[in-house]
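> Sequence and predicted model, in that order:
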Amino acid sequence: MDPNEKYKKLLDYLASLQSGIVALSGGTDSFFLLSVARVALGEGVMAVTVSTPYISMREIMDAVRMAGKTGVKHKLLELPLIDDIKLNPEDRCYLCKRYLFSVLKEYAKKEGMQCIMDGTNADDLHDYRPGIRALKELDIVSPFLNQRWTKKDIRNEAKKSGLGDWNKQPGACLLSRMPYGHEITLHELGMIEGAERYLTRRGFEFARVRSYGNLARIEVLPRDRNRFFSENVLDEISGALKEIGYLFVTMDLEGYRMGSMNLELSEKNN
C-alpha cells in the first residue's frame, strides 16, 4: 500500500475512536501514535505515563518531553511493584499489563475518554509477548496492530514527520533484565538502572545489563563490542559496576539481542 494512503487510513481509524488516552511509554511507537492521534482527535486525546520502580527514570523523562512536544495533556501515574510479579514469573508481562491497564481504564472512565490506546505493532507478534493477551482481554486499542503497521512503517513515518526520536532504541522495562523466577528487589533494580546509566554516559549508544543478583552480564550493540578489548576499559567498567553493587561483571560475547532472557524459556519449552 502507498505510504500516504496507509497514513490516511490510520488517521481515519483514529478519528473513528472519538476520544482516547495514549499509554505513552517514552518509546518511538507510543510517541508517534500520540502525535498522529493529536492530528486525528485534537483535544479528544491525552497521554498517560505509568511510573513504577521497574521503569527507568530515563524513559519516564523521555515520555514527559515527548508529551510536551505534542502539546497534549499529560498525566503521570505512580504505581507500586505488585506482589504478583515479585518473583518475575514467566507470565510477568501479562500480570503487569493486566494491572497497569486496568488502572488506566479506570482513569479513562473518570476523564470521560472512550478508549485506551497503546503502541503495539505487527512486529510485536513475532516475539514472546504475553502482555498482548492482557491488552485483548481489557479491550485496549492497538491502532498500529489494527492497521498492520510494522516497526519499520512507524520509524519511516516518524522520520518524515520531523517529530524526532524516530530511531530511538527500544527501552523495555527493567524486569526484562532479570531471569524468570528471580526475586525482584528495589535495590537490584537500582543497580541495573545505575549500571546502564553509567554505560550510556561512557558513550555506548545502547546497552543492556542483564542482572543475576551479584553478577552483571553486559550486552552492547555488536558493532560496539570491540570497544571493550582494552585492559584499561575492562578494568574501568568492572570497577564502576562493582561500585554500584555487583560482585562479578561479565560481557556477552554475542552482543545485544532483543529478548535474550527469553532464550532459556524457549529451550525449556522445546
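Received it, and whenever you're ready, just let me know what you need. Residues are numbered from 1 along each chain as shown.

> Tell me how many other residues crowd C173.
17 (other CB atoms under 10 Å). Using the backbone N, CA and C atoms, a C-beta is placed for each residue, glycine as well.

> Contacts only, for it.
T52, Y54, I55, S56, C96 (CB atoms under 8 Å, 6 or more residues apart in numbering).

> Let me know whether the second one touches L174 as I believe.
To tie it back to what came earlier, the one meant is Y54. Yes. Look at Y54 against L174 with CB atoms under 8 Å: they come within range, at 4.5 Å.

> in the stretch 1-150 of the chain, which spans are helices?
Per DSSP state H, counting those that start in this stretch, the stretch 1-150 of the chain carries helices over the ranges 3-15, 28-41, 57-70, 92-111, 131-137, 143-146.

> From the chain's centroid, how far away is the longest one?
It stands for helix 92-111. Here helix 92-111 is found 16 Å from its chain centre; the criterion is CA atoms, centre = their mean, to the nearest Å.

> so where's this structure shaky on pLDDT?
In the predicted model of the chain, residues 1, 127, 259-270 satisfy pLDDT under 70.

> give me that answer again for 80
Within the chain, the stretches with pLDDT under 80 are 1-3, 126-129, 169-171, 258-270.

> Give me the contacts around stretch 51-60.
Contacts for stretch 51-60 (CB under 8 Å, 6+ apart): 25-27, 49, 76-81, 100, 171, 173-175, 184, 186, 189, 193, 196-197, 200.

> now swap in stretch 143-159 and tell me
3, 6-7, 9-10, 13-14, 28-29, 31-33, 35, 37, 117, 119-125, 165-167.

> Let me see the contact set for the spatially closest residue to D29 that is not a sequence neighbour.
Leaving aside its sequence neighbours, D29 sits nearest to G119 (CB to CB, 6 or more residues apart in numbering; 3.2 Å). Contact analysis of G119 by CB under 8 Å, 6+ apart lists V22, A23, S25, G27, D29, S30, F32, L33, S142, F144, I154.

> my read: the first one touches M117, true?
Put plainly, it is V22. Yes. At 5.0 Å, V22 counts as touching M117 under the criterion of CB under 8 Å.

> any residues in contact with both of those two?
What both V22 and M117 touch, as defined by CB under 8 Å, 6+ apart, is the set L33, A37.

> can you pull the buried residues of stretch 42-62?
44-50, 52-56, 59-60, 62 (16 or more other CB atoms under 10 Å).

> how about the helices of the stretch 151-270 of the chain, start to end?
Under DSSP H, counting those that start in this stretch, the stretch 151-270 of the chain gives helices at 151-161, 186-201, 231-244, 263-269.
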